[in-house]
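Trainee: Curious how this folds, go ahead:
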Amino acid sequence: MVPVLCIALGCRNSNANDVYIAQFATGLGGGSDCENALPYNFFNNAGKWSGVTGTGDAIGPGTTVHLCGIFTGPIGGTSPFLRFQGSGTTANPIRLLFEPNAVITSAYWGTTVIDIGNVSNVIVDGGSNGLIQATLGGSPGALCLEGACQYSPTTYAGAGVGIGASNNVEIKKVTVSNLYIHLGTGDDLNGNSAGIAIGGLGSDISIHDNIIHDVYAGIWAQYDERKESNYSIYGNHIYNVNWGIAGGDARAGSSLSGLLVYGNQIHDFVNWNTSSNTFHHDGIFFWAQQTGSSIRAPIAIYNNTIYGNFGSANCTAGLYLQKGYSGQTIDSVFVFNNVIDISGWCGYGVIALNNIQSNSQIFNNTLSNGLLFGPSGQGSAAVLANNVWLSAQPGQGMYSTEAGIQASDYNDWYNLSVNAFYYNSMWYKSLANWRTSTGFDQNSITLFPNLNLAYQPRLGSPLIGAGKNLTSICSGQPNPGIGALCFDAAGRPRHASEAWDIGAYQGARPAPAPPSGLRADPH
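Mentor: This is a model prediction of the structure:
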């Protein structure tokens, strides 16, 4: 029986598996709540970690460690501020939870702030507004949070959360901001930093619903030779970066099986411009470049919105997938329901598939400005359908130096320039010329798509009902994953039997007319 006194005073259950930490010990310092918190270095003490659930103040499987108040880290630290010392279990992960208004801050980090390291079955949860930030790191002359930026590293500016050889890891609802504020007017210093970084030796990693800005790479997702699997990156808001979401092989023979990148909002890259074109901006960028490396199915990149100022001559592509020519593999890529609107100039265009292998499916994307597709190189064989390309100025629809397309149809190629398509080292001056010469796009159109500001077709848009029904591809497939193609970018189901709309969003259809010849019955 719980004593009446405890009910009145709100006593804590000793087996609740909650530990509270703050910058310094507070109150009685027992870790029972934020008013009686343990000092933060308790978390870094391996002797305070236990494999037994519910053992007083020890941290073990099932424990939630609460972060209370403001934590101030050293300037340019050489070791992580918080480092996990043990693993949870699949049924009882260890959670690090930001209490409301908890902040981890430093003038300049130069290290990983929260290091998951080589443990597994853990969660980092930002709660309602958990924040990791730097206040004085950035380009010389840039304005940081606490005045003129003072720390401009040429190597590593830090990462908000780092993941090592870890399995079953979830990072969610954390804001990572201002680790390096780049001025964009000639600063060629590295400023190397990441909001969340996967070191490349773990599997079953989920990174979602985070806010990341003013870092070099929003989310860095490296993979290594331990044959990683199942990276899911979704629902994040990322801006003022050089790369939004990026990752590649750490060394020869690296392998990643299962990559889902969906529902992310990524925008504005111009502040990472440099006078010497040191950085190459990309919204989403994945590669396999070293001998024997691979990214293998399922690979689905969908429902992402990538937009904003990409700058001038510092951009590669909105979405860029690339492999080398000596035994690497990126195969069975599905890219659908994305909205990519480039302001500025990108060398490889809106979507670039460089040397990607067969069975790459590019469906129902809404794409604006620059080159639409760049499928090219050895082994490329993209299938294109139901995509809309629009531009304020006449532009080029496709640039592919080699025969990189298996099929292309039911697209809207609006506002093409006189050099409409470049394919397999030949120019095609119009859609009609392209059709006649290649056989592609027999059912495609070149009409003004009539979209609203949210990229959705207005009533009467020529995109409505002009696409190909792709239900046979997505029906019965997993969602998240390829099964999401059976829905538009807003999550509305597409027609199972009727013609689909072109583009990422379905349009408004007129209400059906009432049946004629009806009259009221007075009885």
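
Trainee: where does the stretch 51-200 of the chain dip in pLDDT?
Mentor: 51-57, 186, 190 (pLDDT under 70).

Trainee: Tell me where it has strands.
Mentor: 64-67, 70-72, 82-83, 94-98, 103-106, 112-117, 122-125, 131-134, 143-144, 147-148, 156-163, 167-172, 175-177, 192-198 (DSSP state E, counting those that start in this stretch).

Trainee: out of those strands, nearest to Asp214?
Mentor: Closest of the strands of the stretch 51-200 of the chain to Asp214 is strand 175-177, at 5.9 Å (criterion: C-beta to C-beta). All C-beta spots, glycine's among them, are computed from the backbone N, C-alpha and C.

Trainee: ok, and what's touching that closest one?
Mentor: Strand 175-177 is touched from outside by 126, 129-133, 160-161, 195-196, 210-215, with contacts defined as C-beta atoms under 8 Å, 6 or more residues apart in numbering.

Trainee: Going through those, which ones are buried?
Mentor: The neighbour count (16 or more other C-beta atoms under 10 Å) marks 126, 130-133, 160-161, 195-196, 210-215 as buried among those.

Trainee: For Gly263, state which of these is nearest.
Mentor: Asn210 (12.2 Å).

Trainee: Relative to Ser437, how far out is the closest one?
Mentor: Asn210 sits 47 Å away from Ser437, going by C-beta to C-beta, to the nearest Å.

Trainee: for Leu390, same thing?
Mentor: Distance from Leu390 to Ser437, by C-beta to C-beta: 24 Å.

Trainee: since we're on Thr58, how many residues are nearby?
Mentor: To be clear, residue 58 is Ala; Thr isn't right here. Residues within reach of Ala58, counting by other C-beta atoms under 10 Å, total 18.

Trainee: how about the nearest residue to it, chain neighbours excluded?
Mentor: Closest residue to Ala58 apart from its sequence neighbours, by C-beta to C-beta, 6 or more residues apart in numbering: Ser50 at 3.6 Å.

Trainee: likewise Gly292?
Mentor: Using C-beta to C-beta, 6+ apart and skipping residues adjacent in sequence, the residue nearest Gly292 is Gly253, 4.4 Å away.

Trainee: Now that neighbour, what are its backbone angles?
Mentor: Main-chain torsions, Gly253, degrees, to the nearest 10: phi 80, psi 10.

Trainee: quick one, what contacts it?
Mentor: Counting by C-beta under 8 Å, 6+ apart, Gly253 has contacts Glu225, Gln290, Thr291, Gly292, Ser293.

Trainee: if you skip the residues just before and after it, what's nearest to Pro80?
Mentor: Asp115 is the one closest to Pro80 (C-beta to C-beta, 6+ apart), at 3.5 Å.

Trainee: I meant to write Leu447 there.
Mentor: Pro462 (4.2 Å).

Trainee: Which helix runs longest in the protein?
Mentor: helix 431-438 (DSSP state H).

Trainee: and the next element down the chain from it?
Mentor: helix 471-474 (DSSP states H and E).

Trainee: Give the buried residues for that following helix.
Mentor: Thr471, Ile473, Cys474.

Trainee: measure the first one to Glu225 for me?
Mentor: Between Thr471 and Glu225 the distance, using C-beta to C-beta, works out to 39 Å.

Trainee: go on, the last one?
Mentor: With the distance defined as C-beta to C-beta, Cys474 ends up 33 Å from Glu225.

Trainee: about what we covered before: between Leu390 and Ser437, which is the more surrounded one?
Mentor: Neighbour count, other C-beta under 10 Å: between Leu390 and Ser437, Leu390 has more, with 21 against 12.

Trainee: pLDDT wise, what is the residue lying closest to that one once chain neighbours are set aside at?
Mentor: Sequence neighbours aside, Tyr414 is the residue nearest to Leu390 in space, at 4.8 Å (criterion: C-beta to C-beta, 6+ apart). Looking at Tyr414, its pLDDT is 93.

Trainee: Counting neighbours, what do you get for Tyr414?
Mentor: By other C-beta under 10 Å, the residues close to Tyr414 number 21.

Trainee: List the contacts of the host helix or strand of Asn230.
Mentor: Using DSSP H and E, Asn230 maps to strand 228-234. Strand 228-234 is contacted from outside by 198, 200-209, 219, 221, 223, 245, 247, 255-264, 480, using C-beta under 8 Å, 6+ apart.

Trainee: I'd like the average pLDDT over that strand.
Mentor: The model assigns strand 228-234 a mean pLDDT of 96.

Trainee: what pairs with it, and is each one parallel or antiparallel?
Mentor: Here strand 228-234 is paired, per DSSP bridges, with strand 203-208 (parallel), strand 255-262 (parallel).

Trainee: Could you list the low-pLDDT ranges of the stretch 401-523 of the chain?
Mentor: Using pLDDT under 70, the stretch 401-523 of the chain drops low at 512-523.
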